[in-house]
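[1] Please find the sequence and the predicted model below.
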Amino acid sequence: GEDVEQSLFLSVREGDSSVINCTYTDSSSTYLYWYKQEPGAGLQLLTYIFSNMDMKQDQRLTVLLNKKDKHLSLRIADTQTGDSAIYFCAERSGNQGGKLIFGQGTELSVKP
Amino acid sequence: DAGVIQSPRHEVTEMGQEVTLRCKPISGHDYLFWYRQTMMRGLELLIYFNNNVPIDDSGMPEDRFSAKMPNASFSTLKIQPSEPRDSAVYFCASTSSLSRTDTQYFGPGTRLTVL
């Protein structure tokens, strides 16, 4: 079945780059997403990438997609303490319109 | 737009009581999702609706849980009777079939504590 895997924790120093990794199983996924959840809040879309793209850059965020290995990563440049949050990777379920499959979330801790 | 609205934001109840969580999706969205988030199990999809019809309820834990969507602008998730292990944050999300990207928009969640 469809599955999305992420490591649970990542700790970085302020100013460093953060790289959060994700693997997925559904090769028919058309879109892949990164959501951010700040403490006490709901999930908020951070960025997404279409499956025919290898890379997408948006200010400090870079998304890399390796379709062959079914690997997705999110790089945050110049990480700030305000980036501390849980980051969820998700894929669009190919056969179930509207449904997304979420990973377990990676808790990013940014130390000053 | 106000975004997805959930109420209440916090609910504390005693074991055995009935709990009703409410959600108003973004106007015009025809998909609505209910999720549960706990430390142990992470984010779980409980049920989702399309055009007010339940499509997949395989994530609903047991018969104590029920969800309804009487119209396009309102949905409820009911737990009867509630148990301490139901304590979690419950999120509602919505999206539109007209969306090119199927981006889901989440509400702020309801934090449920069952004593």
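    Great, that's in hand. Keep in mind it's a predicted model, so treat the numbers as computed, not measured.
[2] Determine if any part of stretch B:54-62 is in contact with chain A.
    Yes. Against chain A, stretch B:54-62 shows contacts by Cβ under 8 Å from any Cβ of the partner chain at B:55-56. In this view, the C-beta of every residue, glycine as well, is placed from N, C-alpha and C.
[3] Quick one: mean pLDDT over that stretch.
    The pLDDT scores in stretch B:54-62 average 91.
[4] what's the span of it, first residue to last?
    The straight-line separation of the ends of stretch B:54-62 (Cα to Cα, to the nearest Å) is 16 Å.
[5] centre of the chain versus the least confident helix or strand in chain A by mean pLDDT, how much separation?
    Counting by mean pLDDT, DSSP states H and E, chain A has its least confident helix or strand at strand A:100-102, which shows a mean of 89. Here the centre of strand A:100-102 is set off from its chain's centre by 11 Å, with Cα atoms, centre = their mean, to the nearest Å.
[6] Which elements pack onto it?
    With contacts defined as 3 or more Cβ pairs under 8 Å, 6 or more residues apart in numbering or on different chains; DSSP states H and E, strand A:100-102 has these neighbours: strand A:85-92, strand B:42-50.
[7] Would you mind listing the buried residues in stretch A:26-41?
    By neighbour count on 16 or more other Cβ atoms under 10 Å in any protein chain shown, the buried set for stretch A:26-41 is A:26, A:29, A:31-37.
[8] got any ranges where the chain has weak pLDDT?
    Since no chain was named, I'll use chain A. For chain A, the stretches with pLDDT under 70 are A:1-2, A:94-97.
[9] I was after chain B.
    Short version for chain B, where the test is pLDDT under 70: B:1.
[10] now that we're looking at residue 7, which residues does it contact?
    Just so you know, I chose chain A. The contact partners of A:Ser7, taken as Cβ atoms under 8 Å, 6 or more residues apart in numbering or on different chains, are A:20-21, A:106.
[11] looking at chain B here, not the other one
    Counting by Cβ under 8 Å, 6+ apart, B:Ser7 has contacts B:21-22, B:110.
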